[in-house]
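Chemist: got a predicted model here, sequence first, then my questions.
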Amino acid sequence: DTAVSQTPKYLVTQMGNDKSIKCEQNLGHDTMYWYKQDSKKFLKIMFSYNNKELIINETVPNRFSPKSPDKAHLNLHINSLELGDSAVYFCASSHAGTGKGKNIQYFGAGTRLSVL
Amino acid sequence: DQQVKQNSPSLSVQEGRISILNCDYTNSMFDYFLWYKKYPAEGPTFLISISSIKDKNEDGRFTVFLNKSAKHLSLHIVPSQPGDSAVYFCAASLGSTLGRLYFGRGTQLTVWP
């Protein structure tokens, strides 16, 4: 069983379209994340949800909207896609609720988004 | 601003030898450090970690060293194996910021036979 699974693995779409990426974890974690890996290979956090509550919201265009229906799911919806949104998006989860610094995150395989 | 830096984009090592991957950070408040390994078309996988109160942590062939005064950590792999060829990411966290990890840009390790 895949611990953190995200779908789809590849997404090719036209500029201006709206798309969603889904993420599910079966590790019983209380916190989930979305990261973006750009062409320079930097992994940058976009959002984090703890027990369905948004706790990290980096400087991300409001075209990006995360939604967490429950602790095991965190989906990412992107409106009006732009060329610069092309990247690999990773979902991750962890037990971050302790707040003690120990935060081992487990990642999905990534979704490669290509905006044409 | 990058608070975690991996200044070597690539490293090439012969099988059986030691691989040393380096990482520097700027924020002295980081209290936990992690190394992740990433194969192509896969997500990063956790490898080993160290708390800021320690200076060394060992797990099999992998050892992480932390030098707080220099704000530097390193990952040693001994002996290196071809299957270790991957991108290695260094990451750091602040206990006070729930869940946030700061990543370096990664070092591509190639282990040749």
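Modeler: Looks like it came in fine.

Chemist: and chain B, which residues reach chain A?
Modeler: B:2, B:31-32, B:34, B:36, B:41-46, B:49, B:51-52, B:87, B:89, B:93-101, B:103, B:105-106 (C-beta under 8 Å from any C-beta of the partner chain). Placement of C-beta: from N, CA and C, glycine included.

Chemist: can you select the buried ones among those for me in ChimeraX?
Modeler: Buried residues within these, by 16 or more other C-beta atoms under 10 Å in any protein chain shown, are selected in ChimeraX with:
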select /B:31,32,34,36,43,44,49,52,87,89,93,94,95,97,98,99,100,101,103,105,106
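
Chemist: so of the residues of chain B next to chain A, which ones are in helices?
Modeler: Counting by DSSP state H, none of the members of those fall within helices.

Chemist: ranking helices and strands of chain B by mean pLDDT, which lands last?
Modeler: Ranking every helix and strand in chain B by mean pLDDT, DSSP states H and E puts strand B:101-103 at the bottom, with a mean of 91.

Chemist: show residues contacting that strand.
Modeler: A:42-45, A:103, A:105, B:3-4, B:25, B:27, B:30, B:34, B:36, B:89-93 (C-beta atoms under 8 Å, 6 or more residues apart in numbering or on different chains).

Chemist: which of the three states applies to A:Ile104?
Modeler: At A:Ile104, secondary structure determined by DSSP: H, G, I helix; E, B strand; the rest coil is coil.

Chemist: mind listing what it touches?
Modeler: Counting by C-beta under 8 Å, 6+ apart, A:Ile104 touches A:Ser94, A:His95, B:Leu34, B:Phe46, B:Ser49.

Chemist: which of the residues you listed lies closest to A:Val60?
Modeler: Nearest to A:Val60, judged by C-beta to C-beta, of the contacts of A:Ile104 is A:Ser94 at 19.8 Å.

Chemist: any idea which helix or strand carries the residue positioned nearest the centre of chain A?
Modeler: In chain A, the residue lying closest to the centroid (C-alpha atoms, centre = their mean) is A:Trp34, at 2.5 Å. In this assignment (DSSP states H and E), A:Trp34 forms part of strand A:31-37.

Chemist: phi, psi for A:Ile104 please.
Modeler: phi -90, psi 120 (degrees, to the nearest 10).

Chemist: one step back: if any of the contacts of strand B:101-103 are buried, give me the ChimeraX selection for them.
Modeler: Selection of the buried residues among the contacts of strand B:101-103 in ChimeraX, burial being defined by 16+ other C-beta under 10 Å:
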select /A:42,43,45,103,105 /B:3,4,25,30,34,36,89,90,91,92,93
